[in-house]
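Visitor: Need a 3D model of the following:
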Amino acid sequence: MMPTTIDSMTGINIKSPFFDTITLLDLFPTHQAPKKNRVALVYGANGSGKSTIAQGFREYAMSTTPKTVDLIPVVGTDIIKMSPGLKAEKFFVFDETYVSRNIKVQESGLGTIVLFGKQVELEKQLEELEKQIVQAQTDIDSKSESIQQYNSATNVVAPEYWKNLIIKKLQAAGGWAEMSGLRIKKNHIKTRVTEIEVDRLGKLRPRMDEATTRAKLDELLVVFDSTDASALPISSQIQTIGSPEKIVEAAKILLAKVPQKPTLTLREQELLQSMGIDVLSTARGFLSVRSHKICPTCLQPISEEHRVASLQQIENILNREVEEYRNELKKLILSEIQADFYQDYSVLDLELFGKLILQISSVNSAIGNHNKVVQAKISNPLSLAQYDTFTDLITAYKQLNDILVKLEDKRSSYNQIITNRQTTEKELLKLNDEIAHYTIDSEYQSLMSRRTAKETTEKELAKALQAKNGLLDERQLLDAQRKNLQIAVEQINESLSYIFYSDTRLQLYLGSDQMYHLKVNGKDVSPNKISCGERNALALSYFFTEIAKGTEFQKLYDDEMFLVIDDPVSSFDVENRVGILSFLRYKLNQVLTSCATTKILMMTHDVSGDV
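Guide: Have a look, this model is predicted:
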């Protein structure tokens, strides 16, 4: 069988920041057979490199990468290659690093518990977990506080604050609820405003801009309010009135015309001047009726001779041309427009109807001016007439017809509303909804923003709670692992009794919490009462049980191993050095006698404590 690395090794090559060049340390010099060096004692003051050598063996055993110390076993000056199948854990190093990594004392009530080996690493993980749990709880508290703010209806960051503000707006006088419930649906109460309605109105997409929507609602509502379920349509269509343009054109021509003046006697001229054509025309009609015997003006009897003579004189004055001219002028007379004719249309739009009545008055005034000029010409056809009112007349008619067209549109809408009242009601409700959307849009955007922020925080809180629960589960698992780690407490207590020559001087026992508690002189003590020497005694006792882990008691140290022990007695007082040195001699003798190839490297700064 090929010799192992441990069996073959006579020394090491070492290089580190302390050993700045490769240094050969001949730890186990070769002697003539059968004598073989298996124990090396290295003496060096503090800072001489002992800890570096211990660290080098640790990194070599654990195959650490990258290394802080390059250490290679050699035989003579030749490097030893790792033997096939050699396990790295057969190198064991006891130094201050081992103690700090494998022994930890901590407070437990009024006493002390001791953590060994992997328990120390688990404790570090638990301490880190505790920090994470505290941080997670801080995060949870912060988010919970934010959630409380989001749930406060009086806080501006809360969705409830904005929802209530929107509801208040919708319920305001003249607002959405009143318009919907009272004005449109004709209910006795306003429409109820719910969160569902708030979201529906907030997410609505209006068909028109706000101003147009409001105008459309007002227009439709005027007609809707003027009708009820029992109202009947207005069947009579509103017609425009024919323009008087032809009359005006004819008036311009006729009024500018003067008929040929007849040849009259002096008496006839006097009659024309004193009575005028209108009176003469009336007199002719009266005298032409023979049953008229009394003059209505002077109440004198009318003789036949007087009747014939008077008729002859009047006929001379009123010749045919003048009469025909006067008859043409009479055709230019315009009739006034009767406002009463439109009274039934007042329900369509009171404001527009008022404008109609005023415009009819304006038209009739223009007609009166027109007729006055024409009538004057009829009365005195031989006179000159000035006709300058025709522009006002045509304009007045045009403005009147514009109003009549609008009123006809109102009539059509009115009839449509009555015929399709349910459809109209739906349209009004829709317009009211769209106006409500514009009214609450700004506040609704704030509501949506606050909802999103709240939902995000709630999700983050749930995530934080889940993360904390995960940490708590992990803590529980690690704590269980820590408590389930079994150590050879009986062997450690035996070692402590050997060191201190007492069964009660330093003793471990397994508590109900599944942790290893420490008693000093039979009493519980706090960690600050545990000396450095006592701590190292625990570590050394644990070290010699740990290197034999997994082996039968009868074969405790039969496996080949390499032990590196650095300054094991430096922290002990004089009284306890005797015990620790005795313990070391006892244990090292066990190790060396159990396996013929096992080697030990002992390093110290105190030659008085040589084992």
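Visitor: Return the distance of Glu160 relative to Tyr444.
Guide: Glu160 sits 14 Å away from Tyr444, going by CB to CB, to the nearest Å. C-beta coordinates here come from the backbone N, C-alpha and C atoms, glycine included.
Visitor: Which of the two has more residues huddled nearby?
Guide: A direct count of neighbours by other CB atoms under 10 Å for Glu160 and Tyr444 places Tyr444 higher, at 21 against 18.
Visitor: How many neighbouring residues does the nearest residue to the more buried one once chain neighbours are set aside have?
Guide: Leaving aside its sequence neighbours, Tyr444 sits nearest to Gly202 (CB to CB, 6 or more residues apart in numbering; 3.5 Å). By other CB under 10 Å, 18 other residues sit near Gly202.
Visitor: ditto for the one 4 residues further on
Guide: The local packing of Pro206 (other CB under 10 Å) involves 17 other residues.
Visitor: show me what contacts it?
Guide: Thr213, Glu434, His437, Tyr438 (CB atoms under 8 Å, 6 or more residues apart in numbering).
Visitor: did I read that right, it in a helix?
Guide: No: with DSSP: H, G, I helix; E, B strand; the rest coil as the criterion, Pro206 is located in coil rather than a helix.
Visitor: Against Ala596, how distant is Asp7?
Guide: Asp7 sits 9 Å away from Ala596, going by CB to CB.
Visitor: which neighbours do the two share?
Guide: Counting by CB under 8 Å, 6+ apart, Asp7 and Ala596 have no shared contacts at all.
Visitor: Between the two, point out the one with more neighbours.
Guide: Shown here are Asp7 and Ala596; by other CB under 10 Å, Asp7 has more neighbours (20 against 10).
Visitor: just the strands in the stretch 351-500 of the chain please.
Guide: Along the stretch 351-500 of the chain, counting by DSSP state E, counting those that start in this stretch, no stretch forms strands.
Visitor: ok, back up a step: any of the contacts of Pro206 buried? List them.
Guide: Thr213, Glu434, His437, Tyr438 (16 or more other CB atoms under 10 Å).
Visitor: Between those residues, which sits nearest Ile12?
Guide: Of all the buried ones among the contacts of Pro206, His437 has the smallest distance to Ile12: 85.9 Å, by CB to CB.
Visitor: Give the residues shared as contacts by Glu160 and Tyr444.
Guide: By CB under 8 Å, 6+ apart, no residue touches both Glu160 and Tyr444.
Visitor: According to the record, where do the domains of this protein fall?
Guide: With domains defined by automatic domain parsing, the chain comprises 1-96+561-569+582-611, 117-233+420-485, 238-262+319-419, 268-318, 487-525.
Visitor: on that earlier part again, for the residue nearest to Tyr444, which residues are in contact?
Guide: Ile166, His437, Ile440, Asp441, Tyr444, Leu447, Met448.
Visitor: Highest neighbour count among those?
Guide: Within the contacts of Gly202, most neighbours by other CB under 10 Å means Ile166, with 27 neighbours.
Visitor: any idea whether that residue is helix, strand or coil?
Guide: At Ile166, secondary structure determined by three-state DSSP is helix.
Visitor: before we move on, back to that, out of the buried ones among the contacts of Pro206, give me the two with the largest separation.
Guide: So for those, where distance means CB to CB, the most widely separated pair is Thr213 and His437, at 9.1 Å.
Visitor: where's Ser412 relative to Asp7, distance?
Guide: Distance from Ser412 to Asp7, by CB to CB: 118 Å.
Visitor: Kindly apply the preceding question to Asp402 instead.
Guide: 124 Å.
Visitor: Let me see the contact set for the most centrally placed residue in the chain.
Guide: Residue closest to the average C-alpha location in the chain (CA atoms, centre = their mean): Thr452, at 2.8 Å. Residues near Thr452 by CB under 8 Å, 6+ apart: none.
Visitor: That one and Gln445, how far apart?
Guide: In terms of CB to CB, Thr452 sits 11 Å off from Gln445.
Visitor: again with Leu510
Guide: 65 Å.
Visitor: where does the stretch 301-450 of the chain dip in pLDDT?
Guide: By pLDDT under 70, the low-scoring segments of the stretch 301-450 of the chain are 303-321, 389.
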